[in-house]
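S.K.: here's my sequence, what's the structure:
(chains A, B and C)
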Amino acid sequence: MMRSISWKRHLTGYAFISPFVIGFLVFTAIPIVVSLYLSFTSYDLFSAPKWIGLDNYDRMFNKDPKYWNSLRVTLIYVFGGVPLRLAFALMIAMLLNAKARGIGLYRTIYYLPSIIGGSVAVSIMWRNLFNDEGLVNMALNALGIGSVRWFGEPLAALWMLIFLSVWQFGSSMLIFLAGLKNIPASLHEAAEVDGANAVQRFFRITIPMLTPIILFNLIMQIISAFLTFIPAYIISKGEGGPLDGTMLYSLYLFRRAFVFTDMGYAAAMAWIMLLIVAVVSSVLFASSKFWVHYESKGGE
Amino acid sequence: MKSWFKALTTTALAVSLAACGSGGGGKSESSDAGASGSGSPSASAPADSGKQVTLRFAWWGSQPRHDYTLKLIDMYEKLHPNVKIEPEYANFDDYWKKLAPEATAQQLPDIIQMDLSYIAQYGTKNQLVDLKPLIDKGLINTADIAENALSGGKVGDKLYGFTTGVNALNVDYDPELLKKVGIDKIPETWTWDDYKSYALKAGSQGLYFDVGLRPEVFFGYYLRQNGKTLYSPDGTQLGYDDDSLFVNFFGMTTGITKAKGEPAPDVTAQIKGVEDDLVVKSKAISNWQWSNQYIGLQSTAKRPLEIAPLPGPNVEKGMFLKPSMYLSIAQNSKNQEEAAKFIDFFVNDVEANKLILGDRGVPLSSKVKEALKPLLTPEQQKVFDYIAWVESHSSPMDPVDPIGAGEVASIFKTYDEMMKYNKITPEDAAKKFREEANAVLAKNKQ
Amino acid sequence: MRSKSLKSFLYYAIVTVLALIMIYPVLWLFMSSFKPSDTIFVTSDRLIPSPWIWDNYKIGWEGIGENSFGVFIKNTLVIVVLSTFGAVLSSAFVAFGFARLKFFGSTFWFAMMMMVLMLPSDVTLIPQYIIFSKLHWLSSIKPIVIPQYFGVPFFVFLIIQFIRTIPYDMDEAATIDGCGKFRLFFRIILPMVAPALATASIFSFYWRWEDLLGPVLYLNKPSMYTVSMALKMYLDSETVSNWGAMFAMSVVSLVPVLAVFFMFQRYIVEGISTSGLKG
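M.R.: Take a look at the predicted model:
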């Protein structure tokens, strides 16, 4: 009797996740295994891969300064950009959560930069904003700071990318907004009755109730920042300049894979990236026990 | 566990990588019902004339090129009612993104527009067909084409690309700006020393003389002038031993950059296209580039621009005619002979070339060139005349860029920037560049 | 009363100033689309075009080759609508399984799903292309659309997190009422995560809309090209680019995405109404 019930339970579970399982097995499982295999080969896309053991990994860690540079650049991008972007997104979401007139319009305006996303137009526009006679340098001059050579200094160029990612905070904002809206109004009402003021309600209700969404945004933004590729591509014309200052990990990986047709090495890079991201997100998942508040603890 | 894993990977590879040879059709919906789609198994029968044939033709370019190429295809289809040509066009970047997976899946288009920087790769890895046998069969007429003009499409002893037209390096300059800094004109016989003094003169008067010289291109030219080449003939290492050539050349260009005779790399990095080119904005006197780019620069600048050859001495040794692009035929094509006939039309037909009008390089066929003359704009005429001059003032091109040339160029660019930013001396850069470039090229041994 | 209107004034002041900063680059893009193509960069420091021209829209709309820009919009809409529908529905389904049901191997599959998210797709692209080639799906929208019907990891994870903010007593109440898991999902959970579904729809729509790699790889025929491909074709690094047309059509291509955003953001706002259920 017990047994048949648990059978049914497993089956129901699989019935729900079956789309993913089937899609995974048909479309992604084989390519993933193949990419792991390729990471131990020398493969130029056109001729058969040649097994070379750990050579790719050895080259990566010991013989390729460009690899370490790309990792360093990416870490600055991730840990400089993600906190800024999320803080900004949460702040604006709080502002726009108000029931004010014309708020839909404002929401659209704040989301607009994220809609034009990775298009060519945005790259042109952003380059234009930061060039020698651009608005940013004009403002910096007016403030007496003096202009910055955004296209000449590797670190400045990287920050140009980070600012772009912060400017396009719309997707995180939207998720926060949805999360805020999902908090039952009754909780706030009850707290208000109890005499809690706005600040208290923010820390005692809003933030705890929002923690699952904060966790989601944190993990997803970190993953996507690690994998960021398009902005670097459109800003440096795909070359990662100046002096490899915007050579993000994914851009370097793409160049190795498709520009230099060094797919084996690229596959090795991809698996190391997977490991790095997996470790970072596992730490976040593990830490979530201490700070993420779930209304439901996940299933029977 | 181990054997399970091994079994899985083997199957996976069998499925995904060993796709070669099976020629699975990817064209699930051929637009012409009667046509035997190039990728579909039914097309494996030899395509003799009269049989319905579908050819896929892929090229890169911009709107004007797409427009006239589509007209050209219409024209061909009218002449050959049994042939249907499916166009596939994209811009340069996307084009190559698309071609790589198509090659691995044996789904390349029948006719492929090919570039100098990719032909070695696609050619030596068995993706392209040797065109020589097809020419010998008389499918592509080469009667009006000089024998050595075709050799630009050779990789080793195989002809993997049919040159659609040629370009040459040139200096496009604004004569008015030049006069402003006190120089009358650039003489045909000028030298690198002249260049240096002109550039310093311009720099001292707040004008750039040029917008930067791409290191692999112009140092390559400089090496040829000195009887060397950038790559060794077999492409396994650099083709020069004497680093003092490197030091001389880049000592000169970095000196000029520091004297503001040439923009710093961060200034050039801000340029988005011809429209904000420093010559167009009257901030630089000249742009050193390929001759076909003259027309775009001139029409955007809307001022008279002149063409000068590169500096000497030994211009004849340095100058060469470069295939602007090629047409190649895919190894996996089921209709190679029909594809060859289309290439023949493309390079030899006068009416077709009246549409192309030299957009894919100055045509090789003397007959075509003659027929186009009355149709050319004065600017186009200038380019044709320049190419005619180069024909008698040049020597054969180096072998096509070896595999890895793209990576070498990117290493080169980094060191060029570092020198200009004062982060490394030309002496050290020469050594480091040699080390890294040779490491890349060494992979072509075996 | 007075302090309240002051507060509201301050609120609008802050929101407006920030919005202006946010929107300036977009405004620049919009204005540039009315400038003659070859003056866009020369006059990039001026916002207002002079002369003000409409040609970019006219020329841009004529499209590339033999297809007008309308064709590209139609092609993209087909892909995007089909994809978004499949992505949101299947992801919600899968998410419910992960969030509310305990079964053997759920952690494993969740880890697999996160792995798909974390592995750079450049290295799986070629094998995937070959699979689609074996399935005879090349030169069609199938490789772009069909995988969307098998749960999109990002959306699955997103909806999981939203489901987990829903108090568990809701499920229990429903189960006592005799609801099976499927009815529980459709009747109770799905309406409760409406904000998440709306968010996912907005993202999916926009991501598919701007996706370039899929169309570049899988759509061969110019008559099948999408907006993102067309926009890049106004530009060519070798010759003269039509910047004006590119900017103009970029503006045009924003319209559907904006419309969808505007429509769906209402559901994000009105999502709260379901909390009445808890009452």
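S.K.: can you tell me the element C:Val156 falls in?
M.R.: helix C:153-163 (DSSP states H and E).
S.K.: following that helix, which helix or strand comes up?
M.R.: helix C:169-176.
S.K.: which residue sits closest to the residue in the stretch 101-250 of chain C positioned nearest to chain A in space, ignoring its chain neighbours?
M.R.: Ranking the residues of the stretch 101-250 of chain C by distance to chain A (C-beta to the nearest C-beta) places C:Phe150 first, at 2.3 Å. Placement of C-beta: from N, CA and C, glycine included. Spatial nearest neighbour of C:Phe150, chain neighbours left out: A:Gly23 (2.3 Å); criterion: C-beta to C-beta, 6 or more residues apart in numbering or on different chains.
S.K.: in this structure that neighbour contacts C:Pro153, no?
M.R.: No - with contact defined as C-beta atoms under 8 Å, A:Gly23 and C:Pro153 do not form a contacting pair (10.1 Å).
S.K.: picking up where we left off before, the residue nearest to C:Phe150: neighbouring residues, count only.
M.R.: 21 (other C-beta atoms under 10 Å in any protein chain shown).
S.K.: which element is it on?
M.R.: Per DSSP H and E: helix A:2-23 holds A:Gly23.
S.K.: so that helix versus helix C:153-163, what angle?
M.R.: 140 degrees (axes from the mean of the first three to the mean of the last three C-alpha atoms, to 10 degrees).
S.K.: so for helix A:2-23, mean pLDDT?
M.R.: Across helix A:2-23, the average pLDDT comes to 84.
S.K.: got it, and stretch A:275-286?
M.R.: 93.
S.K.: do the same with stretch B:215-224
M.R.: 95.
S.K.: ok, now stretch B:421-441?
M.R.: 94.
S.K.: what's that stretch in contact with?
M.R.: A:152, A:243, B:231-232, B:235-238, B:243, B:246-247, B:250-251, B:254, B:258, B:264-265, B:402, B:404, B:407-408, B:411-412, B:415, B:418-419 (C-beta atoms under 8 Å, 6 or more residues apart in numbering or on different chains).
S.K.: grab the nearest non-local neighbour of the residue most central in space within chain C.
M.R.: Among the residues of chain C, C:Tyr206 comes closest to the average C-alpha position under C-alpha atoms, centre = their mean, at 2.1 Å. Residue nearest to C:Tyr206 in three dimensions, not counting chain neighbours: C:Val257, with 5.3 Å by C-beta to C-beta, 6+ apart.
S.K.: check which helices and strands the one helix or strand the one you found maps to is in contact with.
M.R.: C:Val257 is part of helix C:243-270, with elements assigned from DSSP H and E. Applying 3 or more C-beta pairs under 8 Å, 6 or more residues apart in numbering or on different chains; DSSP states H and E, one finds that helix C:243-270 contacts helix A:103-115, helix A:120-130, helix A:170-182, helix C:2-32, helix C:55-61, helix C:69-100, helix C:194-210, helix C:227-233.
S.K.: how many neighbours does C:Lys74 have?
M.R.: The burial count for C:Lys74: 13, using other C-beta under 10 Å.
S.K.: need the pLDDT of it.
M.R.: Confidence score, pLDDT, at C:Lys74: 95.
S.K.: any idea how far the residue in chain A that chain C sits nearest to is from chain B?
M.R.: Per C-beta to the nearest C-beta, the residue of chain A with the smallest distance to chain C is A:Gly23, at 2.3 Å. Distance, A:Gly23 to chain B, using C-beta to the nearest C-beta, to the nearest Å: 17 Å.
S.K.: show me what counts as buried in stretch C:109-120.
M.R.: C:109-110, C:112-120 (16 or more other C-beta atoms under 10 Å in any protein chain shown).
S.K.: excluding chain neighbours, what is closest to the residue in the stretch 151-300 of chain A that chain B sits nearest to?
M.R.: Here the stretch 151-300 of chain A gets closest to chain B at one residue, A:Gly152, 3.1 Å apart by C-beta to the nearest C-beta. Closest residue to A:Gly152 apart from its sequence neighbours, by C-beta to C-beta, 6+ apart: B:Asp266 at 3.1 Å.
S.K.: name the helix or strand of chain A that has the lowest mean pLDDT.
M.R.: Ranked by mean pLDDT, DSSP states H and E, the weakest helix or strand in chain A is helix A:230-235, scoring a mean of 72.
S.K.: show me what it packs onto, helices and strands only.
M.R.: Against helix A:230-235 (3+ C-beta pairs under 8 Å, 6+ apart) you get helix A:120-130, helix A:154-167, helix A:249-254.
S.K.: reformat these as CSV; add mean pLDDT.
M.R.: Compiled in CSV, the helices and strands packed on helix A:230-235 are given as follows (pLDDT from 0 to 100):
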stretch, mean pLDDT
helix A:120-130, 81
helix A:154-167, 89
helix A:249-254, 92
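S.K.: okay, the ones you listed in a markdown table with distance to B:Leu108 next?
M.R.: Listed next are those as a markdown table, based on distance: least, C-beta to C-beta, whole Å:
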| stretch | distance to B:Leu108 |
| --- | --- |
| helix A:120-130 | 27 |
| helix A:154-167 | 35 |
| helix A:249-254 | 21 |
